[in-house]
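**Q** Got a predicted model here, sequence first, then my questions.
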Amino acid sequence: MKRKLILFALLIMAMGLRAQTLVLHHTDGTTTNVELSKNFRMDVTDADYVFTLKDATFAFSRSDISYFTFDQKKGDVNRDGDVGIGDIVAITNIMAGIDTDDEEKAYLTCPDDHHPHWIDLGIGTQWRCCNEGASTPEDSGGHYTFDQAQAYNPPSLEQIEALLDNCSSEWTTQNDVYGRKFTGPNGGTIFFPAAGYSREGVLDDVGSWGYYWSSTPYGEGRAYGLYFDSHGAIWSDYGRYVEQSARPVR
């Protein structure tokens, strides 16, 4: 069933924006720029996004488009007190029939600085881009005992195994923070800072090791988790009382 959208020109006028460029982000990482004008129209079919310009009509397969952005941003569209790409991304994607709820949509990598985002690595489980308690992917966030971490939906041991078995990883720095970056079979990437661990309020191994709880207990007083340093990443078990990082999944 074909669903027709209102003219993007009307949307732009309603938001007080001047004509600009709509950027199509393809699943292979490339982009296509579409210059908007008063004659611009976009229709959505079951299979395609159909763009009608003044002198031409062309289509892109919906399965080949990850999301849309504008190259310019003017106005606090979502009234969150901040003017950013998230304002236009949300409106544009909604008009295109794509779910843009920041808490629902998944990306191959963070599309903007309005963290957190859900990251799809192509392995079934989607991971948050940030540790629990962090405002950016590089932030350590909080450190929690095993029981405390369960409030944030950490991965199961099976999900950690899927991460290790299906993704490549490398020890790297991101904004001068050491950690390990995982790359999924679909090209999605996610960064885990080497946030260390805490015991009785004393931090240790920050910058050299990452300790991340799972949701899977092991025996009496222990539980599984994801652990890594510059040499590699593994799953193992640790005492539940030790405070480690928590990374939500869904």
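**A** Yep, that arrived.

**Q** Make sure residue 110 is actually in contact with residue 129.
**A** Yes. Taking Cβ atoms under 8 Å as the definition, residue 110 is a contact partner of residue 129 at 5.1 Å. Using the backbone N, CA and C atoms, a C-beta is placed for each residue, glycine as well.

**Q** Look up the residues that both of these two are in contact with.
**A** Residues touching both residue 110 and residue 129 by Cβ atoms under 8 Å, 6 or more residues apart in numbering: 117, 119, 137.

**Q** From what I see, the second one and residue 126 are in contact.
**A** Yes. A contact is recorded between residue 119 and residue 126 when judged using Cβ under 8 Å, the distance being 6.4 Å.

**Q** ok, the two, which is more surrounded?
**A** Under the criterion of other Cβ atoms under 10 Å, the comparison of residue 119 against residue 126 puts residue 119 first, with 24 against 19.

**Q** Just to be sure, residue 159 is in a strand?
**A** No. Checked against DSSP: H, G, I helix; E, B strand; the rest coil, residue 159 lies outside a strand; its state is helix.

**Q** Contacts only, for the spatially closest residue to it that is not a sequence neighbour.
**A** Nearest non-adjacent residue to residue 159, counting by Cβ to Cβ, 6 or more residues apart in numbering: residue 125, 4.7 Å away. Contact analysis of residue 125 by Cβ under 8 Å, 6+ apart lists 155, 159, 162, 163, 249, 250.

**Q** redo that, cut-off 7 Å
**A** 155, 159, 162, 249 (Cβ atoms under 7 Å, 6 or more residues apart in numbering).
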